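> Curious how this folds, go ahead:
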Amino acid sequence: MALSLALGSCNSSTNSNSSAASSDDGIGKVTVVRIGHQPHGAPILLKARGTLEKRLASMGLSVQWVEFPAGPPIMAAMAEGKVDMGMAGEVPPLFAQASGVPLVYVANEQPVPTMMGILVRNNSPIKTLADLKGKKITATKASAGHYLLIQALLRTGLTLEDVQAVYLPPPEGQEAFRRGEVDVWVGWNPFLAILEDSMPVRLLANGEGLTKNTNFYFSTRSFASSSYDIVKIVIEEMRQVGIWATNNPSEAAKIIAAKNNMKLATALKMTKMNYYGAQPIQDRAIEEQQRIADTFFRLGLLPKQIRVEDVVWKGRS
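Have a look, this model is predicted:
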């Protein structure tokens, strides 16, 4: 179901549509590295800074940045061979793996549960998670927001059957909430921050105690195998831009604010909340991924049981 989503808008720094060719020399015949990203996070900062382009130019390579509204369409693009690498939250890769997408986990960021939330309007009668029963709630299917909703309901003994779930991509979900077509909005930053900044809302709960909210970096298996050195460079640059953002939150906030048409103060608050920067895959992150996968499978939402460890990149091994 995640892979049936439309691919969304594509904004790139190059017009090349060439696909990655394989070789065993660590670089292969690749001329363009295609990276799928969302309108937030380290990729946006790295794209704006241009340091990856400079580093890869010396190797005769260019970068194509391809933007999507959420993680599921990035996984869809990876399945169709339209991107080589990408970043997404916890849930999209689980559905992608279950659907046979040849992806591998190559890095993860630190979990930030406060970057997610469940919003209601200020005058809403919904005061607790138990009050969600029977309400119309929008979230993005097969996303971290979907999982947050599940966990919030389970906390009070409810299930998805007890609410009216309306599954929409983040931009459409925002608009449905603004127009009053749904009672509750569930999602992540920057969409969360934009809603809080633009209308009278109340945070019913964030992810604390409900979900870790970890972002992961991925590659197609063929690209990771044929272009080992490129994958390493991309992840190193993602880590470096994370360090830069931590040391220069105001500058990072300017980039995020401009990209998402949000107030600088809001972007700065969001930037200071986040932990940018890729790091080698952590065992605890994969263990949490397995717990999430098992939850979706138990609820009959994941088409088959999966073993997340099977798609963790082992480098050249």
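> residues touching the residue nearest to K263 when sequence neighbours are not counted, list them.
Nearest non-adjacent residue to K263, counting by CB to CB, 6 or more residues apart in numbering: D197, 5.8 Å away. C-beta: built from backbone N, CA, C; applies to glycine. Going by CB atoms under 8 Å, 6 or more residues apart in numbering, D197 touches 262-263, 266.
> Backbone dihedrals for D197, please?
Backbone torsions for D197, taken as degrees, to the nearest 10, come to phi -90, psi -20.
> what about it, distance to P93?
30 Å (CB to CB, to the nearest Å).
> Roughly how far does A57 sit from S227?
Taking CB to CB, one finds A57 at 16 Å from S227.
> Those two - which one has more neighbours?
Set A57 next to S227 and count neighbours by other CB atoms under 10 Å: S227 wins out with 28 against 12.
> looking at it, that one is touching T31, isn't it?
No. Counting by CB atoms under 8 Å, S227 stays clear of T31, with 11.1 Å between them.
> now for the helix or strand containing G173, which elements pack on it?
Using DSSP states H and E, G173 maps to helix 170-178. Secondary-structure packing of helix 170-178 (3 or more CB pairs under 8 Å, 6 or more residues apart in numbering; DSSP states H and E): strand 136-139, strand 184-188, helix 191-198.
> now the end-to-end length of stretch 218-235.
End-to-end distance for stretch 218-235: 10 Å, by CA to CA, to the nearest Å.
> sorry, that was for stretch 128-139
This stretch, stretch 128-139, spans 18 Å end to end (CA to CA).
> again with stretch 128-146
Between the start and the finish of stretch 128-146 there is a gap of 18 Å, counting by CA to CA.
> Return the set of buried residues in that stretch.
129, 131-132, 135, 137-146 (16 or more other CB atoms under 10 Å).
> ok, now which ones touch F297?
Residues near F297 by CB under 8 Å, 6+ apart: 304-306.
> Do you have the helices of the stretch 51-200 of the chain handy? List them.
Using DSSP state H, counting those that start in this stretch, the helices of the stretch 51-200 of the chain run over residues 51-57, 71-79, 92-98, 144-155, 170-178, 191-198.
> Export these to CSV and append columns for mean pLDDT and distance to T220.
Output for the helices of the stretch 51-200 of the chain, formatted as CSV (pLDDT from 0 to 100; distance: least, CB to CB, whole Å):
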stretch, mean pLDDT, distance to T220
helix 51-57, 96, 18
helix 71-79, 94, 6
helix 92-98, 97, 11
helix 144-155, 96, 22
helix 170-178, 94, 24
helix 191-198, 90, 27
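> coming back round to it: which among the helices and strands packed on helix 170-178 is found nearest to G100?
Taking CB to CB, strand 136-139 is the member of the helices and strands packed on helix 170-178 nearest to G100, at 24.6 Å.
> who does the closest one touch, helix- and strand-wise?
Judged by 3+ CB pairs under 8 Å, 6+ apart, strand 136-139 is in contact with helix 144-155, strand 164-167, helix 170-178, strand 184-188.
> Excluding chain neighbours, what is closest to the most centrally placed residue in the chain?
By CA atoms, centre = their mean, the mean C-alpha position of the chain lies nearest to A88, the distance being 2.8 Å. Closest residue to A88 apart from its sequence neighbours, by CB to CB, 6+ apart: G71 at 3.1 Å.
> wait, that neighbour sits on V91?
Yes. If you go by CB under 8 Å, G71 and V91 touch, sitting 7.2 Å apart.
> Could you tell me which residues touch both of those two?
With CB under 8 Å, 6+ apart as the test, G71 and V91 both reach 143-144.
> What distance do you get for the residue lying closest to M75 once chain neighbours are set aside to A77?
Spatial nearest neighbour of M75, chain neighbours left out: A96 (3.8 Å); criterion: CB to CB, 6+ apart. When distance is defined by CB to CB, A96 is 10 Å away from A77.
> which one of the two has more residues nearby?
Using other CB under 10 Å, the more surrounded residue of A96 and A77 is A96, with 26 against 22.
> Could you pull up the residues touching the nearest residue to P102 once chain neighbours are set aside?
Leaving aside its sequence neighbours, P102 sits nearest to R221 (CB to CB, 6+ apart; 4.4 Å). By CB under 8 Å, 6+ apart, the residues touching R221 are 102-104, 311.
> try 10 Å this time
78, 101-104, 311, 313 (CB atoms under 10 Å, 6 or more residues apart in numbering).
> Could you dump those residues into a markdown table with neighbour count and distance to E172 added?
Putting the contacts of R221 into a markdown table (neighbours: other CB atoms under 10 Å; distance: CB to CB, whole Å) gives the following:
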| residue | neighbour count | distance to E172 |
| --- | --- | --- |
| M78 | 28 | 22 |
| V101 | 22 | 24 |
| P102 | 16 | 29 |
| L103 | 26 | 26 |
| V104 | 22 | 30 |
| V311 | 20 | 30 |
| W313 | 22 | 33 |
